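In: Quick one: sequence plus predicted model below, questions after.
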Amino acid sequence: MEDINVNDQIPISNDQSNPNDQNPNVIDATPSDDLAQKNSGMPDIPQTPNETAASQPSLEIVKKQSPLFTFLEKFRQAIRIRKEKRLDKIIQFVSAKGQITNDKAEKLLRVSDKTAERYLSELVKQGKLSKIGSTSQIRYELPG
């Protein structure tokens with residue numbers, strides 16, 4: 001197989017004419033500098049660090065202005081608020097009834113067993129509830 005030099009002219013017909021002739025059926029395979037730079041796939045690299053800072057906004061600013069970022073922040077805030085309301089509901093129940101089990105928290109909040117367990121564990125970690133009992137008889141009360 002014959003190597004092709006980038007600077008060679010490539011005939012586009014089956015005619016093997018002299019590549020130095022001004023044949024209209026020959027393509028010049030020499031890349032222009034502009035085209036080679038645009039199609040290189042490499043991003044333009046600034047010459048100085050100051051050029052980067054001046055020409056591009058910081059990633060944090062871009063993130064905060066993005067509609068997706070705004071949506072995600074609102075979504076996270078809604079989840080935090082819903083979680084805090086549920087934790088308050090558990091505390092109110094325990095204040096009224098004296099104690100709560102994982103099963104009762106599950107039914108009270110209409111959540112899964114594991115979610116109720118996470119909420120109760122978080123309240124214990126925050127010091128708002130005390131965990132009492134053995135593995136099969138665990139209940140939660142206000143610290144006393």
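Out: Alright, I've got the coordinates.
In: low-confidence ranges in this protein?
Out: Scanning the chain for pLDDT under 70 picks out the ranges 1-57, 59, 61-64.
In: And the helices in it?
Out: Using DSSP state H, the helices found in the chain span residues 33-38, 49-55, 59-65, 67-97, 102-109, 113-125.
In: Out of these, which gets nearest to residue 135?
Out: Residue 135 lies closest, by CB to CB, to one member of the helices of the chain: helix 102-109, at 11.3 Å. C-beta coordinates here come from the backbone N, C-alpha and C atoms, glycine included.
In: quick one: buried residues of that closest one?
Out: Of the residues in helix 102-109, 102, 104-106, 109 count as buried by neighbour count, 16 or more other CB atoms under 10 Å.
In: what's the answer for stretch 78-92, then?
Out: By 16+ other CB under 10 Å, the buried positions in stretch 78-92 come out as 86-87, 90.
In: about what we covered before: for the buried residues of helix 102-109, give me JSON lines that also has distance to residue 115.
Out: Below are those laid out as JSON lines (distance: CB to CB, whole Å):
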{"residue": "102", "distance to residue 115": "10"}
{"residue": "104", "distance to residue 115": "14"}
{"residue": "105", "distance to residue 115": "9"}
{"residue": "106", "distance to residue 115": "8"}
{"residue": "109", "distance to residue 115": "8"}
